[in-house]
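>>> Sequence and predicted structure below; questions after.
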Amino acid sequence: MNANAHDIVPTHLAVQAMRDNGYKNAAYAIAELMDNAIQAGASQVELLCGERKQQVEGRKRSRIEQIAVLDNGRGMDANVLRLALQFGNGTYLDQDKHTGIGRFGMGLPSSSISQCQRVDVWSWQNGIENALHSYLDLDEIKNRRMTEVPEPTARPIPMIWTKIGQKFGDSGALVVWSKIDRCMWRTGKAIIDNSEFVIGRMYRKFINRHEVKIRMLAFDLDALYDIIIEKYALPNDPGYLIKKTSCDSPFDNQAMLQPWQGDTSYEAIFTIDFREQEHEVKVRFSYAKEEARLIEGVNNPGSTPHGQHAKKNIGVSIVRAGRELELDTGVVNGYEPTERWWGVEVEFPPSLDDIFGVTNNKQSARNFSELLQVNIQSLLEAGKTITQLKEELKEDGDPKSPLLDIAHKINSQLSIIRGLIKAQTKGTRTTPEKRHDPYKTEKVATTVTQERQSQGYKGQSDVDEQLSKEERKQVIKETLKEEGVTESKAELLAATTVDDGLKYTFLEAPLDTSAFFSVKPRGGAIIVTLNTNHPAYQNLVEILEEDVDKADIDTLRSRLINSLDGLKLLLMAWARYEDEQPDGKRKENAQDTRIDWGRVARRFLENE
């Protein structure tokens with residue numbers, strides 16, 4: 001047949017161009033077929049990889065020859081089967097049908113030709129003996145022998161698949177790729193080994209809820225019962241809140257991270273008005289349990305098997321209708337090893353595809369990814385408000401406007417969680433020797449405070465000194481945990497404070513405040529927490545603490561100079577604050593506070 005010379009889209013050329021449609025690898029292309037199966041209600045989906053020994057560079061090597069995806073879903077009649085092989089057509093294109101993981105009508109043909117030159121599809125709704133068959137062949141399309149999807153006809157399923165497949169139900173579908181020329185993995189085992197991690201992550205919710213099983217099998221085409229590898233995909237949860245997963249021991253049967261209870265719940269819910277309806281977006285946060293990072297005899301928890309597993313799951317998991325689109329790394333801080341110890345999951349319904357900017361190969365949410373990379377905090381510090389930013393986006397016709405609150409929540413929450421993760425292991429690494437008493441400053445401050453108490457000065461914290469030791473320890477421990485200190489560390493600090501008769505407990509933690517530090521009188525002690533999120537912390541404290549033992553003299557000198565600069569800026573900030581107070585009582589109070597604090601500070605430092 002001859003194509004029209006003036007076709008808007010010459011089929012034989014367009015289909016060739018579509019081969020470069022952006023699938024990251026075979027695992028993502030295979031996932032498109034699994035989407036169709038799950039959407040069709042399959043309880044089991046099977047990835048079947050047939051390979052055969054071939055002569056390669058003078059040696060016999062196994063090479064993948066056919067890849068099949070089998071499911072026991074509802075199957076397709078002749079009309080739907082034909083539609084499924086058309087580019088851009090399908091049964092879930094209408095807006096009111098955007099409720100499941102399917103939508104675009106591109107999945108089956110588009111994913112198939114990204115990996116192979118021929119795809120055959122069998123489907124049945126009343127036993128496999130009644131299977132219908134159709135196909136696409138790029139050679140036939142290129143030579144213009146195929147200009148439309150062949151009408152489905154009754155054709156038996158090849159015995160190779162009926163022998164190796166496990167779940168042939170009364171209804172289902174079988175998609176077979178052959179003439180495979182673009183798969184980067186050469187053997188069935190390599191395909192399964194590399195796909196299992198991604199597929200387990202994509203469908204973790206379906207697998208965890210026992211809604212579907214995903215069987216993965218590689219076999220020799222010349223000896224059907226020569227099974228090379230067979231396994232079932234386990235959930236792979238980048239938030240590490242699912243208990244039974246593909247993570248390494250001891251976190252293969254228990255959650256490695258814990259829900260972040262920042263405000264009231266680990267799940268923040270946002271409501272978006274779109275097309276005269278309200279739609280919910282859920283954002284979930286998690287961070288490492290202390291037993292995942294505080295391991296006896298292990299200085300670097302990232303080097304453990306479970307730490308290496310987490311290394312491959314860094315990013316924000318973007319989930320659409322229960323199926324992960326991608327693990328977005330836009331908010332990841334470079335190669336910081338601590339980035340593997342938090343999890344963020346954003347889940348939204350398909351009705352918001354246009355807002356999120358879901359691509360037709362369902363590999364990303366483009367609009368949301370772009371917004372995650374915007375430095376919203378710097379815009380807010382420049383005087384903008386979230387409402388103003390949303391209005392500006394809306395005026396520009398930018399569909400990302402409703403997502404601004406979500407992106408801001410993720411960035412601000414991550415700042416706190418990162419600080420908490422850093423605080424988890426702070427001070428736990430062993431050094432050859434301690435140069436001084438780690439509680440020296442607390443003891444000095446306690447001595448001066450006792451001196452002031454004897455002179456008649458009273459503090460709010462003094463009242464609780466009458467409590468029993470155990471009561472004091474419990475109150476201090478709970479306060480420290482509120483500040484983000486781990487259970488074991490809080491218990492140790494509380495015991496040290498009370499048993500050693502210390503008046504002060506000094507720690508560092510991320511605080512959701514603009515203050516440089518917080519002061520909490522609890523359990524007869526004063527808990528002083530330096531805010532690791534505050535720039536003064538980075539410029540005064542952190543700069544001196546980092547690898548002091550390993551630093552050379554020039555590095556130390558540079559750090560001291562930078563730290564001195566930070567101290568000067570901190571004092572100048574107070575000077576400006578005092579200068580901005582209106583004449584009268586407020587200015588007098590600020591000046592008096594400076595003088596009184598200076599008097600107390602002098603006694604503390606003189607005793608040092």
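Ah, there it is. Numbers count the residues shown, from 1 in each chain.
>>> Which residue is the nearest non-sequential neighbour of Arg155?
Nearest residue to Arg155, sequence neighbours excluded (C-beta to C-beta, 6 or more residues apart in numbering): His133, at 3.8 Å. The C-beta positions use only the backbone N, C-alpha and C, and glycine is treated the same way.
>>> Using the three-state scheme, assign that neighbour.
strand (DSSP: H, G, I helix; E, B strand; the rest coil).
>>> Give me the secondary structure label for Val528.
Applying three-state DSSP: Val528 is strand.
>>> my read: it touches Pro521, true?
No. Under the criterion of C-beta atoms under 8 Å, Val528 is not in contact with Pro521, lying 10.3 Å apart.
>>> Count the residues that sit near Phe274.
Phe274 has 13 neighbours, counted by other C-beta atoms under 10 Å.
>>> residues contacting it?
Ser351, Leu352, Asp354, Ile355, Pro402 (C-beta atoms under 8 Å, 6 or more residues apart in numbering).
>>> got a markdown table for those, with neighbour count, pLDDT and secondary structure too?
Below are the contacts of Phe274 laid out as a markdown table (neighbours: other C-beta atoms under 10 Å; pLDDT from 0 to 100; DSSP: H, G, I helix; E, B strand; the rest coil):
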| residue | neighbour count | pLDDT | secondary structure |
| --- | --- | --- | --- |
| Ser351 | 17 | 94 | helix |
| Leu352 | 24 | 95 | helix |
| Asp354 | 13 | 93 | helix |
| Ile355 | 21 | 94 | helix |
| Pro402 | 21 | 88 | helix |
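>>> and which of the residues you listed is nearest to Lys394?
Ranked by distance to Lys394 (C-beta to C-beta), these are led by Pro402 at 8.8 Å.
>>> Now the closest one: closest residue in space that isn't a chain neighbour?
Ile272 (4.6 Å).
>>> And for the residue nearest to Arg155, the neighbour number?
His133, neighbours per other C-beta under 10 Å, totals 18.
>>> What of Ala495?
Using other C-beta under 10 Å, Ala495 has 14 neighbouring residues.
>>> now the one 3 residues further on
Neighbourhood size, Val498 [other C-beta under 10 Å]: 24.
>>> which helices and strands sit right next to the helix or strand it falls within?
Val498 belongs to helix 487-499 when assigned by DSSP states H and E. Under the contact criterion of 3 or more C-beta pairs under 8 Å, 6 or more residues apart in numbering; DSSP states H and E, helix 487-499 touches helix 290-293, helix 469-482, strand 504-509.
>>> wait, Val56 sits on Arg186?
No. Under the criterion of C-beta under 8 Å, Val56 makes no contact with Arg186, lying 9.1 Å away.
>>> Which residue of these two possesses the greater neighbour count?
Arg186 (16 against 11).
>>> Am I right that the more buried one sits in a helix?
No. According to three-state DSSP, Arg186 belongs to no helix; its state is coil.
>>> Wait, it touches Ile64, no?
Yes. When contacts are counted by C-beta under 8 Å, Arg186 is listed as touching Ile64 (6.2 Å).
>>> On the pLDDT front, check Thr187 for me.
In this model, Thr187 is scored at 94, pLDDT.
>>> And what about the closest residue to it other than its chain neighbours, helix, strand or coil?
Once flanking residues are discounted, Thr187 sits nearest to Ser62: 5.1 Å by C-beta to C-beta, 6+ apart. Counting by three-state DSSP, the backbone at Ser62 sits in strand.
>>> Enumerate the beta-bridge partners assigned to Ser62.
Lys53 (DSSP bridges).
>>> And for it, the neighbour number?
Close neighbours of Ser62, defined as other C-beta under 10 Å, add up to 19.
>>> ok, now how distant is it from Ile191?
As judged by C-beta to C-beta, to the nearest Å, Ser62 and Ile191 stand 12 Å apart.
>>> returning to what we had before: could you pull out the residues contacting both of Val56 and Arg186?
Residues touching both Val56 and Arg186 (C-beta under 8 Å, 6+ apart) are Arg63.
>>> buried residues in the helix or strand Lys443 falls within?
Per DSSP H and E: Lys443 is located in helix 440-454. Neighbour counts over helix 440-454 (16 or more other C-beta atoms under 10 Å) mark Glu442, Lys443, Val444, Ala445, Thr446, Val448, Thr449 as buried.
>>> give the contact list for the fifth one.
Meaning Thr446. Contact analysis of Thr446 by C-beta under 8 Å, 6+ apart lists Gly501, Leu502, Lys503, Tyr504.
>>> wait, the second one sits on Gly524?
No. The pair Leu502 / Gly524 is not scored as a contact, 10.0 Å apart, by C-beta under 8 Å.
>>> What ranges does the stretch 501-608 of the chain have for its strands?
When assigned using DSSP state E, counting those that start in this stretch, the strands of the stretch 501-608 of the chain occupy the ranges 504-509, 517-522, 525-531.
>>> Could you tell me the least trusted of those strands?
Lowest mean pLDDT within the strands of the stretch 501-608 of the chain: strand 504-509, a mean of 84.
>>> Packing partners of that strand?
Contacts defined by 3+ C-beta pairs under 8 Å, 6+ apart place strand 504-509 against helix 404-424, helix 440-454, helix 469-482, helix 487-499, strand 525-531.
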